[in-house]
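Visitor: The amino acid sequence is not available; the structure is as follows:
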């Protein structure tokens, strides 16, 4: 994959350095109001250098500006408010107003969310955005509303997930046999890798680096941007481009906190987060153009795996039949409407 002249890692990091690690503005003078009328905390598990946090801080600044200081968003990156499970509990209880769970993480409270993470369902971003910006996304957002969570219309991107190991490259499904691999705290991740013959272990992302370093697990799977920004290349030797599932972020808001906002502030906040999400998607696309070369330069051995043996193993193991039954024919039909035949 070629280096993008428009979006080098160096220029990206320069832009990061100008933004605050935590909080809202940094670049703006204190607005006229002595204190904001509304203050929301936005917690996430990503390093401050990840594109999501760059855009989140820009969104916070925009909301402060457009609301004339009435609305404040404080961004807390890098698990400062706890791991994924902790933050999901907090956003449901109201201790945290905004959280960005991945599709598999929030599936613990709204199971349909995990449908977009089905193994090898999507082969392109055109399929992904057609699904999550369309009828399938609407069905997922309706499920969140039933458990007291408001979510913005535009998902933010995490990326197609890849496999890294300290022991061997992954070229076919057979290479996963018996591999101790960390997966998110989710039934989907456990099910998929068990079906592929691996030995998956669910861990919070905050525990991943140390688990790899101490050999509690030998492998993990995440998009390249996380491999790079979380410095997993320091504790992993091989990076196999498996593209085994796509993952994105649903930015969810505590329902009571959202209902408490005046309509004009709801409009300002929604517009800022939705437009920021579209920008973050493009950021990640550009970043991914350079990441394979960057990780190779950092000492990782990269290879590209063909999907055929993995799909065949998932089919043989009954993975697709199991999850089609769990999600139901209607949801599965919405997935296949954009992804094509999945099983």
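Guide: Perfect, thanks for sending it. Quick caveat, the model's predicted, so the values are computed rather than measured.
Visitor: The helix or strand bottoming out on mean pLDDT in the chain: what's the following helix or strand?
Guide: Least confident helix or strand, the chain: helix 9-17 with a mean of 46, by mean pLDDT, DSSP states H and E. As assigned by DSSP states H and E, the chain's next helix or strand after helix 9-17 is strand 38-43.
Visitor: Check which residues of that following strand are buried.
Guide: Neighbour-count burial for strand 38-43, counted by 16 or more other Cβ atoms under 10 Å, picks out 38, 40, 41, 42, 43. Heads up, the C-betas are built off the backbone N, CA and C, glycines and all.
Visitor: And the helix or strand following it, how far out from the chain middle?
Guide: Downstream of strand 38-43, the next assigned helix or strand under DSSP H and E is helix 51-66. Distance of helix 51-66 from the chain centroid (Cα atoms, centre = their mean, to the nearest Å) equals 18 Å.
Visitor: And stretch 138-154, by the same measure?
Guide: Distance, centroid of stretch 138-154 to centroid of chain: 16 Å (Cα atoms, centre = their mean).
Visitor: contact partners of it?
Guide: 91-92, 106, 109-113, 115-116, 132-133, 137, 250-256, 258, 270, 273-275, 277-278, 331, 334 (Cβ atoms under 8 Å, 6 or more residues apart in numbering).
Visitor: Okay, and which of the residues you listed map to helices?
Guide: 91-92, 132, 137, 255-256, 258, 270, 273-275, 277-278, 331, 334 (DSSP state H).
Visitor: Got a ChimeraX select line for the buried ones in the residues you listed?
Guide: In ChimeraX, this line selects whichever of the ones in helices among the contacts of stretch 138-154 come out buried by 16+ other Cβ under 10 Å:
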select :91,92,132,137,255,258,270,273,274,277,331,334
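Visitor: which of the ones in helices among the contacts of stretch 138-154 lies closest to residue 299?
Guide: Distances from residue 299 to these, taken as Cβ to Cβ, are shortest for residue 277 (33.1 Å).
Visitor: Now that closest one: closest residue in space that isn't a chain neighbour?
Guide: With Cβ to Cβ, 6 or more residues apart in numbering as the criterion, residue 277 has its nearest non-adjacent residue at 3.9 Å, and that residue is residue 154.
Visitor: So the one you found belongs to a helix, correct?
Guide: No. Per DSSP: H, G, I helix; E, B strand; the rest coil, residue 154 lies outside any helix segment and is coil.
Visitor: Can you tell me how far it is from residue 273?
Guide: 7 Å (Cβ to Cβ, to the nearest Å).
Visitor: re earlier: pick out the most distant pair among the ones in helices among the contacts of stretch 138-154.
Guide: Longest span within the ones in helices among the contacts of stretch 138-154, Cβ to Cβ: 256 and 334, 29.2 Å.
Visitor: circling back: and which of the ones in helices among the contacts of stretch 138-154 is nearest to residue 81?
Guide: So of the ones in helices among the contacts of stretch 138-154, ranked by how close each gets to residue 81 (Cβ to Cβ), first place is residue 91, at 9.7 Å.
Visitor: Around the residue nearest to residue 50 when sequence neighbours are not counted, how many other residues sit close by?
Guide: Nearest residue to residue 50, sequence neighbours excluded (Cβ to Cβ, 6+ apart): residue 229, at 4.7 Å. Neighbour count of residue 229, defined by other Cβ atoms under 10 Å: 24.
Visitor: I'd assumed residue 54 was in contact with residue 229.
Guide: No. In this structure, residue 229 is not within contact of residue 54 by Cβ atoms under 8 Å, at 10.7 Å.
Visitor: Just the element for residue 182, please.
Guide: Per DSSP H and E: strand 180-183 holds residue 182.
Visitor: Go through whichever helix or strand comes after that strand and flag the buried ones.
Guide: Per DSSP H and E, the first helix or strand lying C-terminal to strand 180-183 is helix 187-195. For helix 187-195, a neighbour-count test (16+ other Cβ under 10 Å) marks 187, 188, 189, 190, 191, 192, 193, 195 as buried.
Visitor: and if you look at stretch 172-183?
Guide: Neighbour counts over stretch 172-183 (16+ other Cβ under 10 Å) mark 173, 175, 176, 179, 180, 181, 182, 183 as buried.
Visitor: go on, stretch 280-298?
Guide: By neighbour count with 16+ other Cβ under 10 Å, stretch 280-298 contains the buried residues 280, 281, 283, 284, 287, 288, 289, 290, 291, 292, 294, 295.
Visitor: Now the fifth one: closest residue in space that isn't a chain neighbour?
Guide: It stands for residue 287. residue 225 is the one closest to residue 287 (Cβ to Cβ, 6+ apart), at 5.7 Å.
Visitor: got a list of what the one you found touches?
Guide: Residues near residue 225 by Cβ under 8 Å, 6+ apart: 50, 51, 158, 159, 284, 287, 288, 291.
Visitor: one more time with 7 Å, if that's ok
Guide: By Cβ atoms under 7 Å, 6 or more residues apart in numbering, residue 225 lies in contact with 50, 51, 159, 284, 287, 288, 291.
Visitor: Touching, the third one and residue 223? I think so.
Guide: This points to residue 159. Yes. Residue 159 lies in contact with residue 223 (Cβ atoms under 7 Å); the separation is 3.0 Å.
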